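# what shape does this take:
(2 chains)
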Amino acid sequence: MQLATWNINSLTVRLPQVLEWLAVHPVDVLALQEIKMTDDKFPAAEFAAAGFKAHWFGQKTYNGVALITRQDAIDVVRNIPGFADDMARVITATVGGVRVIGAYFPNGQEPGSDKFEYKMHWLKALRSWVRTEMEQHPRLVLMGDYNITFDDADVWDPIGLKDTIHCTDEERYQLRALVALGLTDAHRLFPHAPKSFSWWDYRDFGFRRNRGMRIDHILVSAALVPLVKACEIDKTPRKNERPSDHAPVLLDLSL
DNA sequence: ATGCCTCAGCTCCTGAGA
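Got it, this is the predicted structure:
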């Protein structure tokens, strides 16, 4: 079983690239973030023509998430039950016996800002949701754009970016608290080249200079850890003429 | 430096992203 997550920064613009990527990587589950469209605009027919089913949760202009699957997804839940939120950020479903949560974590903009406070509240609500889901689903994957680095190894310039957004102690504490529920960062189960990032700024040739961060993550529950065969960031789509600023992250499971 | 990209939208600028 193969799963992947990709923040595509507008599905309207990136649909051809997503379909092209799926043709090369026919994963069982692809979690998309920042589809940036209302539900009536979602290109379900195009995915169906390519052999994929889809569940989506969008909104106007911003945010929006989807799960693209080869087989049927069941028990679909949108956003975090019990947490009032006008932003479309989370979609959960069961695929092939695995509970999959695809999430677009808030950016937070700047420590101390209202958006940062919202990010902290959202992170606590998500943790509560993941805990609940883990109780019922031993096989669980939480993947998406976390907008948080684990530590300095995930940052191209840890000194210059110290205590800035995605790198603050508060955010990293919340990420560790998620892990403490019994999740494992699949990427770190394997050796990777130093400075393996999943996002690069569009500006100043960020990708060419590898000035990026690893903020897109795949966390797996304990029952899945022995089944993880590989976890890789695919930088190929970032080399497109009009790329997303994020690269997809792939997980290979013995399932 | 409030910018250097990129995208959406009540679109010739602004807000937001990260």
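
# hey, let's count contacts and neighbours off CA atoms from now on
OK.

# pLDDT on stretch A:138-156, on average?
Across stretch A:138-156, the average pLDDT comes to 98.

# in terms of pLDDT, where does the residue in the stretch 101-250 of chain A positioned nearest to DNA strand B sit?
Distance from DNA strand B to each residue of the stretch 101-250 of chain A (CA to the nearest atom of the strand) is smallest for A:Arg203, at 3.7 Å. Looking at A:Arg203, its pLDDT reads 96.

# please apply the same query to A:Gly64.
Here the pLDDT value assigned to A:Gly64 is 98.

# tell me the SS of the closest residue to A:Leu181 other than its chain neighbours?
Nearest non-adjacent residue to A:Leu181, counting by CA to CA, 6 or more residues apart in numbering: A:Arg131, 6.6 Å away. Secondary structure state of A:Arg131, per DSSP: H, G, I helix; E, B strand; the rest coil, is helix.

# A:Arg131 touches A:Val179, doesn't it?
No: look at A:Arg131 against A:Val179 with CA atoms under 8 Å: they stay out of range, at 10.6 Å.

# is the residue sitting nearest the centre point of chain A part of a helix or strand, or is it coil?
Against the mean C-alpha coordinate of chain A, by CA atoms, centre = their mean, the closest residue is A:Gly144 at 1.0 Å. Three-state assignment for A:Gly144 (three-state DSSP): strand.

# contacts for whichever helix or strand A:Trp6 is part of?
Assigned by DSSP states H and E, A:Trp6 belongs to strand A:2-7. Residues from elsewhere that reach strand A:2-7 (CA atoms under 8 Å, 6 or more residues apart in numbering): A:27-35, A:102, A:143-145, A:216, A:218, A:244, A:246-253.

# what subset of these is also close to DNA strand B?
A:Ser244 (CA under 7 Å from any atom of the strand).

# out of the contacts of strand A:2-7, which sit inside strands?
Members of these lying in strands (criterion: DSSP state E): A:29-33, A:102, A:143-145, A:216, A:218, A:249-253.

# which positions in chain A make contact with DNA strand B?
For chain A, the residues in contact with DNA strand B (CA under 7 Å from any atom of the strand) are A:7, A:9-13, A:36-37, A:60-62, A:106-110, A:115, A:147, A:166, A:199-205, A:213, A:242-244.

# I'd say A:Ile215 and A:Asp151 touch.
No: counting by CA under 8 Å, A:Ile215 does not reach A:Asp151; the two are 10.4 Å apart.

# what about these two, which has more around it?
The residue with more neighbours, out of A:Ile215 and A:Asp151, is A:Ile215; 21 against 14, by other CA atoms under 10 Å.
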